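1. predicted model follows, preceded by the sequence.
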Amino acid sequence: EALAGHRRSVLVDLPTGTRLRMYTRSLGSPLPVGGVIHAKVAQLSTPKRRDGGTAAMLLPGLLGSGALWRRACDEVEKAYRAGEWVALAGEPGVGKLAILRAVHQRRNPGGRFTVLDAADATDRRWLASARRALVDENGAGRAGSVVIRHPDQLDGVQLRSLTAALQEPTNVDGKRAVWVAVTLGPGAQSRDLARLLRLFPSTVDVP
């Protein structure tokens, strides 16, 4: 993925908790046919508890001790702190929305939290609601969080309209007013959905 996206440096978290810094270089022109990857340990894993104690609460309302689950929570919170939009992928019912709600509650408890379900996009009113949710009504910069569920259920026209709305500056200084996340289930992606997901530089797999 890093080679295809022409990213020269990317951080990768292993399930053990160790973090690697990968440096990539594509080979081939005009289309890459391969590449060279150099990996260095950026951060060693945190030692596991041996006292038999219960797992600490990760985020408000969430519990869990599995390495992949804890990593998913940490990655979403890290993306929020950086102001980086994120996509959460996983089977239905694994807790994607719960993680997003918990991160928002910790990082922006006074901000609004809006959930837009693309399964309800039966007419143009849904897109109008989405545009309103992306606007910073108070001019306060980051007004809140917007979660878009099931974007894969939108048709091509709706996906292109939503992509355009997400690219529009939504406050006076030309910045995006809100933090946005999408949740995805398993399955193939259409070309229009792939264009939408380019706006979300991070993808977190929720086990």
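-> That came in fine, so what should we check first? Please read all numbers here as calculations on a predicted model, not as lab measurements.
2. for the rest of this, base every contact and every neighbour count on C-alpha atoms.
-> Fine.
3. my read is that Leu159 contacts Arg191, right?
-> No: contact criterion Cα atoms under 8 Å: Leu159 and Arg191 do not qualify, at 9.8 Å.
4. between the two, which is the more surrounded one?
-> Leu159 (23 against 11; other Cα atoms under 10 Å).
5. in what helix or strand does the more buried one lie?
-> Under the criterion DSSP states H and E, the helix or strand holding Leu159 is helix 156-167.
6. residues making contact with the helix or strand of the chain with the lowest mean pLDDT?
-> Each helix and strand of the chain was given a mean pLDDT (mean pLDDT, DSSP states H and E); the minimum falls on strand 9-13 at a mean of 80. Applying Cα atoms under 8 Å, 6 or more residues apart in numbering, the contact partners of strand 9-13 are Ala2, Arg19, Leu20, Arg21, Met22, Tyr23, Thr24, Arg71.
7. at 6 Å instead, please
-> For strand 9-13, contacts defined as Cα atoms under 6 Å, 6 or more residues apart in numbering pick out Arg19, Leu20, Arg21, Met22, Tyr23.
8. which parts of this structure are strands?
-> Remark: strands assigned in the chain by DSSP state E are 9-13, 19-27, 34-43, 86-89, 112-117, 144-149, 179-184, 202-205.
9. just the CA trace of the fifth one, in CSV.
-> Extracted in CSV, the C-alpha atoms of strand 112-117 (Å, rounded to 0.1, in the frame of the first residue of the first chain):
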residue,chain,number,x,y,z
ARG,A,112,-21.1,17.3,18.7
PHE,A,113,-20.9,13.7,17.5
THR,A,114,-22.9,13.0,14.3
VAL,A,115,-23.5,9.6,12.7
LEU,A,116,-24.6,9.5,9.1
ASP,A,117,-25.8,6.1,7.9
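10. what is the orientation angle of the biggest helix by length in the chain with strand 144-149?
-> Taking DSSP state H as the criterion, the chain has its longest helix at helix 67-81. With axes from the mean of the first three to the mean of the last three Cα atoms, to 10 degrees defining the directions, helix 67-81 sits at 130 degrees from strand 144-149.
11. from now on call the first residue 318
-> With the count now opening at 318, the last piece we talked about shows up as helix 384-398.
12. for helix 384-398, the averaged confidence score.
-> Averaged over helix 384-398, pLDDT sits at 92.
13. next: stretch 419-433.
-> Stretch 419-433 comes out at a mean pLDDT of 91.
14. re the thing from before, can you give me how far the helix holding Leu476 is from the chain middle?
-> Distance of helix 473-484 from its chain centroid, counting by Cα atoms, centre = their mean, to the nearest Å, is 17 Å.
15. other residues contacting it?
-> Contacts of helix 473-484 (Cα under 6 Å, 6+ apart): Asp509, Leu513.
16. show me the shaky parts of the protein.
-> Counting by pLDDT under 70, the chain shows low-confidence ranges at 321-324, 332-334, 346-349, 361-375, 453-460, 486-493.
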